[in-house]
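1. quick one, structure for this:
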Amino acid sequence: MNRDTDSIWQILGQVKDPEIPVVSVVEMGLIRGVGLDGETIIITMAPTFAGCPALQVMQSEIADRLRKGGVQEVRVQITLSPPGSTDWITPPARQKLKDFGLSPPPRHSGRIDFALSMAVACPYCSSENTSLKNDFGPTLCQAIYVCNHCQQLFEFFKPL
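-> Residues are numbered from 1 along each chain as shown. Model (predicted):
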């Protein structure tokens, strides 16, 4: 099953987050496991936001990609325990977020209160002289900031 599992992980690595199309669901740390139940491949996902509106789109895309890759039976299940965390975002994905103009969340190891008090760096000039403009951005998981140095508006991925 190792070779099969590896090919499944490769397919999952091609499934992009529909709200942030530069990173995959694997890079975002959303995939928590790949298992087998008889002939059915079980994919376990832990969303960073329980109310994520893109969750069903991701589940459908995962199932479609795996079926196109030769998997006959697939089930994508959601787990909320342990809760999703932005700490699971991979270092390469953090760089991709920054290159995309989205300030990645700080690592917090469960101390979200600490993470929320940290300065938010501008993804364009790296200045930490930034100000919150709106707690809610284009998605639930983002906030809008402005850089006081380069005057650029940018989105910040909230830590969870």
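
2. pull the residues that contact stretch 56-73.
-> 7-8, 11-12, 14-18, 25, 30, 39-41, 43, 45, 74, 76, 78 (CB atoms under 8 Å, 6 or more residues apart in numbering). (Each C-beta comes from the backbone N, C-alpha and C, glycine too.)

3. first to last residue in stretch 122-138, what's the distance?
-> 17 Å (CA to CA, to the nearest Å).

4. could I get the buried residue list for that stretch?
-> 122-124, 130, 137 (16 or more other CB atoms under 10 Å).

5. in JSON lines, list those along with distance to P159, pLDDT and secondary structure.
-> Formatted as JSON lines, those follow (distance: CB to CB, whole Å; pLDDT from 0 to 100; DSSP: H, G, I helix; E, B strand; the rest coil):
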{"residue": "C122", "distance to P159": "17", "pLDDT": "97", "secondary structure": "coil"}
{"residue": "P123", "distance to P159": "15", "pLDDT": "96", "secondary structure": "coil"}
{"residue": "Y124", "distance to P159": "20", "pLDDT": "96", "secondary structure": "coil"}
{"residue": "T130", "distance to P159": "15", "pLDDT": "97", "secondary structure": "strand"}
{"residue": "G137", "distance to P159": "14", "pLDDT": "89", "secondary structure": "coil"}
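
6. thank you, goodbye.
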